[in-house]
Every structure is written in C-alpha cells, then in structure tokens.
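Asker: the sequence and its predicted three-dimensional model are supplied below.
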Amino acid sequence: MTTPKGYMGKIMMVDLTTGAIETEKISPKVYQSFLSGMGLAAHILYHRIPAGADPLGQENILGFVSGLLTGTGSLFTGRWMVTGLSPLTGGWGEANCGGSFSPAIKRCGVDGIFFKGISEKPVYLCVDDQGARLETAEAVWGKDAVEAETALIEKHPNARVACIGQAGEKRSLISGVSTDKGRLAARSGLGAVMGSKNLKALVLAGKKRIRVHNREEMKRLSKICNKWVQFQPPFVPGWLTAPVGALMRILPFVATQDGLLYKIMLRKWGTVSMNQISVEMGDSPIKNWMGSSADWGFFKSFSSQPDRFTRQETEKFHCYSCPLGCGGICKTKGRFPETHKPEYETVLSFGGFIMNKDVDLIFYLNELLNRAGMDTISAGHAVAFAMECYEKGIITTGHTGGRALEWGDPDDIKFLVEAMVARDGIGDLLADGVKRAAESIGPEAEAIALHCAGQEPAMHDSRNDPGFALHYSVDPAPGRHTNGAGLYYEMYQLWKKVKGVPKMGPAYMKSSKYKKDIHHARVGKANSVYLNVMNGAGACLFGGFIGATRIRIFDWLNGATGWQFTPEDYMEIGANIQVLKQAFNIKQGLDPKTCRVPDRLLGRPVQTRGANKGRTVDVETMMKDYWELFGWDRETGRPTEETVNRIASIA
Ligand code: SF4
C-alpha cells in the first residue's frame, strides 16, 4: 500500500464495553470513493450499525472524523464532524464544528475515532505519546463543558478536547458536543449518544505528521483564496443593515448573490451580521413561524443590530486554518464573564422567534447552553413551543409549576431554559425537543411542535427561500439549514467550475422561486453533493460561500492526495455519499416521505402580512424531482437496490 497523502489511511475503533482499542487500515479505494470526514463516517456507520439499533444503546457507533484537507495547508478546512444514529430522528445523525479539534484527530494518526458499546463508568479517551487509553472521568462528570475542558487541559497540557456538558450526561435529545470552550457540534442529539455511552470527553495530544502530495501547489491555491478573503472594503454601519434587508423585501427581483458580499459582512461582524437583514427580507421565522417581519420590525429587532455584538467583542476567534475569523469572544454581564460571540441562529432563536428584545439575556443563554452542551436552535424552538402551547391553553400553570408564560418575557424564558438544562419540571419535557414534548402532552400540541422527523428546523424561513424547504425535508439529516438553499447555490457559483450543473444569470424574479420548475431540484441536488464533498474535505460552509473559483476545494483535494480527479468526479463522489446516507436511513426504518417540513413552514395557511405574505411552497413536487434526479424512486425516495449494493460494496 502506498503512503497516504492528505488522509491518514486509518481509523481508531474504541469498544467502550470491553475497553479494547484497535486501529484499522482503510483502503485507498474507500477514500477515493467517499473522501474522509462525513463520507468516511457514512461508509463506516452504514456497514456497522445494525438495522433497528437503539440510538442510546450498545450498538450505536459514535464517530469523530476530521476532513481530508485538514492540516494540508489549505484554508477554511478545519471542520470536524460527529456522526452516529440520531436519537432525535432515528436516522442519520451528524453535527459539524470548527475550532481547533479537527487537526488533533489526524495528529493521532487516524482520520476518525469511533466508539461502540457502553462503558460501565464515566470515562474519557486520551491519546498522546504514550498511546491511546481510556481513563476515568469521575472527576469531570457533572461539570459543564467549559469546566470539564479546563480541568482536562490542566491534566493534559497541549491536548485538544471535545466533551459533553450536563445536557449530554442527562441524555437530553437536543444536546451536542463542545470544543474550544463552548463551540458546539450541536445538531442531531449526538451529545445524548455520547452521554449514553458514559463517554465524557476525547483528549487528543497526538503528534503525527500529515503528509501532502504537493505542498507548493497547496500554498499556491491558498494564496489565491486568501487574496479574496483579504478584500475587505468599508461597509455600512450595523443599523443600516435593516434598510438593506427592507429593500431586498420590496424589490420584485433578486440580484444573484456573490458570496464575496457575505464574506465582507462575516469578517466585519460574524453571522450576527444577518440579525436585522434576515428579519426584513423574510429569512427569519418569527414567533414560532406564526409571525412575520411585520411583527418584528426595525425597532423591535434593533436591540440585536450587529454592532451591538461587536461592541462586546474582546477578541476575534478563528477556527484552525481560517483566515476570515467570523467568531469572537465577548465579555458579558452577570454570571459568566465571557462567551463565544452568539451566532445568528442563537440570536434569532432567543430573539424574534420568541419575541424577546433583551440581548443581555441572549448572551447569558448562549453561554449557559454552550456550557450545558445544548443546541440553541432546538432550545429556542422548545421555548416557543411552550409559549404557544400556553397561549392556546394546551399547557397550563399545572405544567409550569404555577408560572404563567408570556411571549418575550425575559424571566419566563430564563426559567424555561434553566429548567431544560437542569431537566427539572417542564424543562425535563422540553429537553428532548418539541416532538417528544408534544407526544407526551397530546395531539393538540403536535400541530405546534415544528420539526422535521424530530429535528427542529433552523432560523431560515422556507417561505422566503423554498430551497430551505427542500433541504429541510430531503436531507438524510433533515431540518438543517447547513444542507442547502437557493441562496447557497448562488454563492457557491458552482457552474463556473463544474460541468452540467444549473447556471444562474445576474438576476431573477422572486416569483420564479415559487413556480413548478425542475431547476429547483437540480439546484438542490448540486447543493447536496457539493456539500458532501466539502464535508468530506472538512471545509467550512462560509468558506464555500466565497465561490468555487476562489476557494479551490477540488484542486486542493488533488494537490493534497495526488489524485487527478475532475470536479465532475468529485461531484460523483458527493452523490455516492448521499446514497449511503439515504440507504442508512432506510436500513434504520425511516420513511423519507415522513421527514417533510411542517405545513406552517410552507405557507399553509398562507401568511397575510409581512415579507412572506401570500407565499406557499410546493415542496412535495420538489422532493419527488430531487429524488428522481438522484435516480431514486420518485414516490418513495428510495435508491434502487442495485445502486445501494454497488456503492456499499466498495471496500
Ligand atoms: S469562517 Fe467562521 S466558522 Fe468558518 S472556519 Fe472561519 S471562523 Fe470558523
């Protein structure tokens, strides 16, 4: 076997029941077919998690994978991913995070670390000069994610840590895995899987070298990319972002977005740059998807205008190999001295989505939930769900321990979130997400519980961008804003690099987004397969938005590995990964049709005011078209047996 370049060519398999730790070689053919990262994980988990496995049981396998490009000299490629059978959806589970943990996996000499079985007592995995071993986690069990990481780094200086907080330990189904003191791989409920395995943390301090085929070429490509990142002309002040959004709402046409504009905003403010623009243009769901931009206009959303966040920022935060640095550390008032700068998703989830104007509260909840290791999108949904249930008399003071709930009331919000973290009273019900909460309250609550197969959708309105409706519904990990949207495709500018994908002109009419047209599904397919390539490479979505001719993922992959694949070859690999993930869900008994986004998110009933007034989305046709374009059954979303067997037989 030739020495692997770019990837490490091995995985580590840890059996928590027996304590056995083994390293396995993975054939180059697997990397050439699925890349590393999420693709490698799909290959491992599809074969090794048996049908009907209990997500919180012995048979589930939890994988931590690094990207193929991580550590190779490329930029924006320091993402790591946690994968497993999701206890929220019962299907493919994945969560993606930046920070500094991704290269630490590869420096242990492997592309992924997988855990099966259940440890009898709390443990953590330590990998360093002395090898890999399980150590007792009794001293850190019960600590929040920041406390646990601090304690583990004190004991193992120079290590990088991924760990769960109290939410994962208590098996909250909306819990994730934290690194870098509060950056969360939040979605799919995989923190609960880690907790169910009695695995508190991974502590990695390996020193293996990451080999690269052509380092000079990697540098050359990185220089091109960095040139675009450094292009940073002055931009409008934060309060002016709202009028820009309002203009986007009023105009009947849309200028096809060049992601360079979003890059400028990301570099200036981070994702909070969208706090007001998104509300005005109809991208932000308001009041549990019932409200609109008319209910959360300029003066209400002004409390979260972007400059408000940068004023509290004491330093920028860059993930590994990222020249942009959309993150930051912010000082806060009250219980916690600082927090990672809240993301747009968090600000909206605890802002307009629950009608809260108190931004200090958002900073507090951000840190509280990051430390607990709880997904802020799902937690915001749970609060909105409780408030709407209370408003409609579906839950009463009997459920809340005597407290009346009111939309936007800071004390009520704090009460509910703290109760969720503690799994106390109504918080215990909400800590497993809105689907489980509704199931236990009763049928009236189920119409208010807005989720896709158990996963609460993100803070991007599918009535404004029907591409979100499609990806919330068809992705094997449904309900996720990171999977794709019409807007993302515009920014990827894939047609400038890949043959056979839809081309976009400089502008289009907004009404075209709602017309029956196979174009939407073609864009959706291209989004899905390109994202699989990026997730195999360990690339950041925001890097991808700079555009495929500026962030040269395909060329970096060839430069790192020595392969000579065309962009179209890589897109074929991305399509193979999508088949494996879909087949994984079908193997676990998930019906793809049941993952469809709820009616309220589709404009059923139609909104009568605000940015999305009068809009409905025909997601069913888009779903069928999308499945058909992959060569799957148009009605059921199932790939043919021949397709699955062909891809699954690669070893
Ligand atoms: S753009 Fe932001 S999220 Fe992406 S790698 Fe850079 S710092 Fe991390």
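Answerer: The structure has been received and is ready for your questions.

Asker: residue 613: neighbour count?
Answerer: 15 (other Cβ atoms under 10 Å). All C-beta atoms are positioned from the backbone trio N, CA, C, and that covers glycine.

Asker: excluding its backbone neighbours, what's nearest it?
Answerer: residue 607 (5.3 Å; Cβ to Cβ, 6 or more residues apart in numbering).

Asker: I'd like to know which elements the host helix or strand of residue 201 is packed against.
Answerer: Using DSSP states H and E, residue 201 sits within strand 199-204. If you count contacts as 3 or more Cβ pairs under 8 Å, 6 or more residues apart in numbering; DSSP states H and E, strand 199-204 packs onto helix 101-106, strand 123-128, helix 145-155, strand 160-163.

Asker: and the third one, what's buried?
Answerer: If you call a residue buried by 16 or more other Cβ atoms under 10 Å, then helix 145-155 has these buried ones: 145-146, 148-149, 151-153.

Asker: and the last one, by the same measure?
Answerer: Within strand 160-163, the residues that qualify as buried are 160-163, counting by 16+ other Cβ under 10 Å.

Asker: likewise for stretch 12-29?
Answerer: Applying 16+ other Cβ under 10 Å to stretch 12-29 flags 12-16, 21, 26, 28 as buried.

Asker: residue contacts, residue 321?
Answerer: 70-71, 74-78 (Cβ atoms under 8 Å, 6 or more residues apart in numbering).

Asker: let's go with 7 Å and repeat that
Answerer: 74-78 (Cβ atoms under 7 Å, 6 or more residues apart in numbering).

Asker: ok, now how distant is the closest residue to it other than its chain neighbours from residue 327?
Answerer: Spatial nearest neighbour of residue 321, excluding adjacent residues (Cβ to Cβ, 6+ apart): residue 78 at 4.6 Å. According to Cβ to Cβ, to the nearest Å, residue 78 and residue 327 sit 12 Å apart.

Asker: those two: which is more packed in?
Answerer: residue 78 (27 against 22).

Asker: that one touches residue 323, doesn't it?
Answerer: No: with contact defined as Cβ atoms under 7 Å, residue 78 does not count as touching residue 323 (11.2 Å).

Asker: what ranges do the helices span in the stretch 351-500 of the chain?
Answerer: 359-372, 376-391, 397-400, 410-422, 426-430, 433-441, 443-446, 466-474, 486-492 (DSSP state H, counting those that start in this stretch).

Asker: which of the three states applies to the residue nearest to residue 321?
Answerer: At residue 78 the chain is in coil, as set by DSSP: H, G, I helix; E, B strand; the rest coil.

Asker: cool, and the one 5 residues further on?
Answerer: Under the three-state scheme (three-state DSSP), residue 83 adopts strand.

Asker: check the closest residue to it other than its chain neighbours and give its pLDDT.
Answerer: Nearest non-adjacent residue to residue 83, counting by Cβ to Cβ, 6+ apart: residue 41, 4.0 Å away. pLDDT, residue 41: 98.

Asker: got any ranges where the protein has weak pLDDT?
Answerer: Along the chain, segments meeting pLDDT under 70 span 1.

Asker: return the residues in contact with the spatially closest residue to residue 251 that is not a sequence neighbour.
Answerer: Setting aside the residues directly before and after it, residue 251 is nearest to residue 510 in space (Cβ to Cβ, 6+ apart), at 7.8 Å. Residue 510 makes contacts with 252-254, as judged by Cβ under 7 Å, 6+ apart.

Asker: between these, which is nearest the ligand?
Answerer: residue 254 (24.1 Å; Cβ to the nearest ligand atom).

Asker: still on that earlier bit, just name the most buried of the helices of the stretch 351-500 of the chain.
Answerer: Among the helices of the stretch 351-500 of the chain, helix 466-474 has the highest mean neighbour count (mean count of other Cβ atoms under 10 Å), at a mean of 29.

Asker: what's next to that helix, contact-wise?
Answerer: Applying Cβ under 7 Å, 6+ apart, the set of residues contacting helix 466-474 is 452, 457, 460, 462, 478-479, 481, 483-486, 513-514, 520, 523-524, 527, 595-597, 601-602, 617, 619, 622-623, 626.

Asker: how about the helix or strand hosting residue 224 against the ligand, any contact?
Answerer: In the assignment (DSSP H and E), residue 224 maps to helix 215-230. No: Helix 215-230 is not in contact with the ligand by Cβ under 6 Å from any ligand atom; minimum separation 9.1 Å.

Asker: next structured bit after that helix?
Answerer: Next along the chain after helix 215-230, with elements defined by DSSP H and E, is helix 241-250.

Asker: kind regards, and thank you for your time.
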